[in-house]
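Engineer: Fold the following and give me the result.
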Amino acid sequence: MRALPTDRVPDMAKKFVGSSVEVTQTEKWGVPDASGSRTATVDISVGGVPVSVSGSEALDANAEGTNFAIEAKVSSSIPFIGGKIASAAEPYLGKA
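Structural biologist: This next block holds a predicted model:
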């Protein structure tokens, strides 16, 4: 869990948050394959805000080092405007 400032939160979402939010990220990594690469499921929740993230991460070993990739979906459970909030939150959560 970590606290993040909300100074860059989109205006439409500011009424739901204070000066910071607590973000909890849970990763469940699988065993490495023959090349040493591995994948994980990832779930992120934002305390006090109806926004969540779920997806997958991958570490792919290669001769130069390791590549990291993440694919995730941001969602919000607020009726009618949840999609707009999720779209606005996506870049912010991606950087976090």
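Engineer: Strands of this protein, start to end?
Structural biologist: Using DSSP state E, the strands of the chain run over 2-5, 20-29, 38-46, 51-62, 65-76.
Engineer: Mean pLDDT and mean neighbour count for these - can I get that in JSON lines?
Structural biologist: Heads up, the C-betas are built off the backbone N, CA and C, glycines and all. Shown next, in JSON lines, are those (pLDDT from 0 to 100; neighbours: other CB atoms under 10 Å):
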{"stretch": "strand 2-5", "mean pLDDT": "73", "mean neighbour count": "12"}
{"stretch": "strand 20-29", "mean pLDDT": "88", "mean neighbour count": "14"}
{"stretch": "strand 38-46", "mean pLDDT": "92", "mean neighbour count": "17"}
{"stretch": "strand 51-62", "mean pLDDT": "89", "mean neighbour count": "16"}
{"stretch": "strand 65-76", "mean pLDDT": "87", "mean neighbour count": "13"}
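Engineer: For residue 44, give me its contacts.
Structural biologist: Counting by CB atoms under 8 Å, 6 or more residues apart in numbering, residue 44 touches 23-26, 52-54, 72, 93.
Engineer: can you do 6 Å?
Structural biologist: For residue 44, the contact set (CB atoms under 6 Å, 6 or more residues apart in numbering) comprises 25, 53.
Engineer: what does the one 10 residues further on give?
Structural biologist: Contact partners of residue 54, counting by CB under 6 Å, 6+ apart, are residue 43.
Engineer: any idea how far it is from residue 40?
Structural biologist: Residue 54 sits 12 Å away from residue 40, taking CB to CB, to the nearest Å as the criterion.
Engineer: do residue 2 as well
Structural biologist: With distances taken as CB to CB, residue 2 is found 18 Å from residue 40.
Engineer: now do residue 25
Structural biologist: From residue 25 to residue 40 the distance is 11 Å (CB to CB).
Engineer: Give me the common contacts of those two.
Structural biologist: Joint contacts of residue 25 and residue 40 (CB under 6 Å, 6+ apart) do not exist.
Engineer: unless I'm mixing things up, residue 67 is touching residue 60, no?
Structural biologist: Yes - counting by CB atoms under 6 Å, residue 60 is a contact partner of residue 67 at 4.6 Å.
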